[in-house]
Every structure is written in structure tokens, then in C-alpha cells.
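1. below are the sequence and a predicted model for it; my questions follow.
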Amino acid sequence: MTDRETHHRELAEKYLPAEVLERFRERAAIYDRENRFFDEDLEELKALGYLTLFVPDAYGGPGLSLHEVTRLQQRLAGAAPATALAINMHLMCTGVVKAMADRGDSTLNWVFDEVMAGEIFAFGISEPSNDWVLQGSNTEAVPTADGGYLLSGVKIFTSLSPVWTRLIVHGAVTPEDEGIAGPDAEEPAEGQLVYGFIERSEPGITISDHWDVLGMRASQSRATILDEVLLRPDRVSRVIPAGKHPDLLTFAITSNFQLLIAAVYAGVAARALELGAAGLKKRTSAKAGTTLAEVPETRARLAGAHLDYLSVPAMIDSYARDFDGLVDHGAGWPLRLVGARIKAAEAARRTAETALMCAGGSGFDNGHELSRLLRDASAGLFHPPSADAARPMYAAALLDD
């Protein structure tokens with residue numbers, strides 16, 4: 001074992017010891033069945049210092065790299081996918097701040113102090129009918145006289161809804177009577193976007209009580225409705241033009257979001273393969289007179305899923321290390337980041353489905369872990385950008401001048 005792998009194993013034993021993961025796995029089934037938040041998991045993660053992973057040692061944290069955290073998230077997701085997906089949103093926010101600080105921008109370092117004080121951060125960027133994502137917004141941002149903004153709009157899939165205390169959001173400060181451009185436009189409507197963090201205590205915040213979904217149920221990623229919610233001047237992070245205008249903040253958001261999400265689905269895929277192999281070893285074939293693990297057709301099916309999976313952790317490792325090393329891929333970064341997340345989600349769905357076939361009819365029972373993993377993996381279809389939305393970017397990289 002290399003020194004690097006020894007280091008990752010030591011981190012795993014420190015922050016996600018095996019006995020903790022077994023408790024998480026047992027509770028994951030309960031959370032899913034009862035459609036409730038992972039309160040007990042969260043308390044254990046807090047006690048282990050998991051919410052401070054990205055906080056530099058100068059602020060009291062371990063200062064882990066994105067590569068190190070993606071490895072931990074794969075491990076966590078193998079036991080409790082919804083817990084991992086939701087805690088990603090807090091980690092993503094803190095990872096963004098660390099990435100900016102590593103690149104010489106310390107304007108958001110106050111986040112580290114708040115994390116160490118126990119604040120929980122979440123991600124409030126996704127909106128209904130806004131496939132511009134970071135490049136536009138249908139949330140209205142009205143400037144206040146003191147340099148703040150009043151935000152009105154709807155943020156969807158806000159993971160950690162029951163517990164977040166700080167939410168990163170964005171809104172459009174657009175010319176009068178202009179909004180998001182039509183679906184065939186090459187740019188969002190003219191105007192500016194403001195990014196910043198709002199506090200849960202501000203008036204005008206409503207959390208939807210509806211969350212009854214197919215998978216990832218414990219994340220409780222309910223919609224957040226903003227009605228003239230104050231974004232204080234000292235919590236404004238950026239005011240940038242709408243559209244494709246490179247900025248360190250949006251680059252850091254994209255990088256952490258895509259790779260941390262990819263890590264979750266890589267963890268789901270790895271666990272599905274384990275269960276698929278166990279299923280084949282357990283089942284027998286009357287025709288062959290042996291276990292299905294020795295039947296060529298079933299072995300080939302599992303092998304195909306394994307092939308789909310193997311490139312995913314390699315992509316995540318490579319891109320995360322490049323990101324930590326400040327490698328400049330320029331316009332090639334989005335291709336790598338989005339590609340890793342899309343391929344990880346595809347691998348999770350493929351391996352979960354294959355593993356279910358390997359387990360046989362018992363896996364179709366709602367109480368079986370593979371039944372839940374297949375449903376959890378389906379959430380990978382909904383993280384932005386979708387494969388359909390991303391394909392033009394890949395085509396343009398090859399075909400456009």
C-alpha cells in the first residue's frame with residue numbers, strides 16, 4: 001500500500017470508523033422508510049468533526065483537501081447515500097471558501113469561524129425552470145440603500161432544510177421589465193447577479209413541508225421560498241454580470257459541487273457492486289448445479305457493471321488532485337468536472353440495477369438495501385446540468401472554432 005493510500009485509510013478510520021458506518025447503514029433504511037431527516041447521523045458527524053473537514057488548521061479545523069474529502073464522501077455514501085448527499089451541501093460551501101483562500105481570496109474566510117461556532121451551511125442555487133443555473137437567476141434581488149439586497153424567489157432541492165442556518169443564494173439584479181431569456185438564447189437576460197449568504201433568522205423565509213420523493217429521502221431537500229429576505233451588505237459575496245463571465249466564486253462552486261456529488265454516486269456504485277457480488281455467491285442455479293457466481297452469463301453481467309464503475313473514482317481522484325494543485329485546465333475544467341459527475345451518476349444507476357438482478361427477487365423487496373440504492377441512484381438524474389444540457393458543451397469543444 002502506498003503512503004497516499006495509507007493516509008486515506010487513516011482519515012477514513014478517524015472520521016468514518018467502521019462501527020459508525022454500520023450504525024449509519026442501519027438507520028438509512030429507517031430514515032427512508034419513515035421519510036425523515038438524518039438527525040442521529042448528523043449528531044455523530046458533528047462529534048467526529050466531519051462538518052469542519054475543509055476548515056484550515058489556522059481556524060481550528062483539519063484543512064483537508066478536496067481529494068481527501070471526496071474519498072471520505074465515497075465511503076460515507078456507501079453506507080448512507082442520503083446522509084452523504086445532504087452533508088455535501090455544507091461541505092461544498094466550506095470547500096468553496098477554502099478553494100478561494102488557496103487562490104489568494106480571503107474575503108469569505110469568516111465562514112470558517114462560523115463553521116467552528118456550529119453554523120450549518122447549505123446550497124440555495126437551484127430554481128424551477130432555471131437551466132442557466134449559476135449564469136442566471138429567476139430570483140429577484142432588489143438593492144437596499146445600505147448595499148444589501150432583498151431577495152424574492154424559490155430555491156428548490158435545498159438539502160439540510162430542517163437544520164441549515166446559513167444558505168448561499170443568488171439573485172438577478174436586472175434592468176426593469178427584463179427577466180431570464182428564452183430557451184434558445186445564448187445568454188441570460190442582461191443584468192447582474194448577486195451572490196451571498198442569508199441567515200435562517202431573517203424574516204420572509206418559508207421552508208416547504210413537502211418532501212415525499214422516490215429516493216434520497218433522508219436529505220429532506222425541501223423548497224425554500226424567499227419573500228423579500230434580506231441579504232446583508234456584509235454577507236454579499238459577489239456582484240457579477242449574468243452569463244458566461246468567469247469568476248473565482250462560480251468556479252469554486254462548480255468544482256466542489258460537481259466533484260462532491262460525483263463522490264456520492266461513486267460510493268453508491270461501489271456498495272451496489274459489493275451487494276451484487278454477495279447476491280451471486282448466495283444464489284444457486286438448479287440448471288448449473290452451482291452458485292450463480294460461477295455461471296458465465298451472470299458473471300459477465302456483473303463484470304460489465306464493474307467496468308462502468310472503475311473509471312469513475314479514477315476521474316474523481318485525478319480532477320480533485322488537479323484542483324487542489326491549482327492546475328490550470330482553462331476552458332477544459334467544465335468538461336472534466338461535469339463529466340465526472342454525469343459518469344458517476346450513470347455508473348450508480350447501472351451498477352444498482354445490475355446488482356438488483358444479481359440479488360434476484362429478494363432485492364425487489366422494499367426492505368432490501370439494493371431496492372433503496374436503486375431509488376437513491378435515480379436522484380443522479382436531477383443534478384445540474386443534466387446530460388442533455390451538458391452535451392452541447394462537449395460538442396462545441398470539438399466542433400466549434
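-> Right, received. Where do you want to start?

2. doesn't Cys172 lie inside a strand?
-> Small correction: residue 172 is Ala, not Cys. Yes: under DSSP: H, G, I helix; E, B strand; the rest coil, Ala172 sits within a strand.

3. quick one: distance of whichever strand or helix holds Ala347 to the chain centre.
-> Element membership of Ala347 [criterion: DSSP states H and E] is helix 332-359. Counting by CA atoms, centre = their mean, to the nearest Å, helix 332-359 is centred 14 Å from the centre of its parent chain.

4. give me the buried positions along it.
-> Within helix 332-359, the residues scored as buried using 16 or more other CB atoms under 10 Å are 333-334, 336-359. For every residue, glycine as well, the C-beta is placed using N, CA and C.

5. what does stretch 376-384 give?
-> For stretch 376-384, a neighbour-count test (16+ other CB under 10 Å) marks 376-380, 383-384 as buried.

6. so where do the helices sit in this structure?
-> For the chain, applying DSSP state H gives helices covering 3-15, 18-34, 39-47, 66-79, 81-102, 110-116, 248-282, 296-324, 332-359, 369-378, 387-399.

7. out of those, nearest to Asn130?
-> Closest approach to Asn130 among these is made by helix 387-399 (11.4 Å; CB to CB).

8. counting by contacts, list what the closest one packs against.
-> Applying 3 or more CB pairs under 8 Å, 6 or more residues apart in numbering; DSSP states H and E, we find helix 387-399 packed against helix 332-359.

9. now do the helix it packs on: which elements does it pack against?
-> Using 3+ CB pairs under 8 Å, 6+ apart: helix 332-359 touches helix 248-282, helix 296-324, helix 369-378, helix 387-399.

10. quick check: angle from it to helix 369-378?
-> 160 degrees (axes from the mean of the first three to the mean of the last three CA atoms, to 10 degrees).

11. ok, residues contacting stretch 277-286?
-> By CB atoms under 8 Å, 6 or more residues apart in numbering, the list of residues contacting stretch 277-286 from outside reads 290-293, 295, 298-299, 302, 355, 358-360, 363, 370.

12. now restrict these to buried residues only.
-> Buried members of the contacts of stretch 277-286, scored by 16+ other CB under 10 Å, are 292-293, 295, 298, 302, 355, 358-359, 363, 370.

13. output these as a markdown table; include the columns distance to Ala28 and pLDDT.
-> Output for the buried ones among the contacts of stretch 277-286, formatted as a markdown table (distance: CB to CB, whole Å; pLDDT from 0 to 100):
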| residue | distance to Ala28 | pLDDT |
| --- | --- | --- |
| Leu292 | 26 | 86 |
| Ala293 | 26 | 89 |
| Val295 | 31 | 90 |
| Thr298 | 27 | 93 |
| Leu302 | 23 | 96 |
| Ala355 | 16 | 96 |
| Cys358 | 20 | 95 |
| Ala359 | 17 | 93 |
| Gly363 | 16 | 87 |
| Leu370 | 13 | 96 |
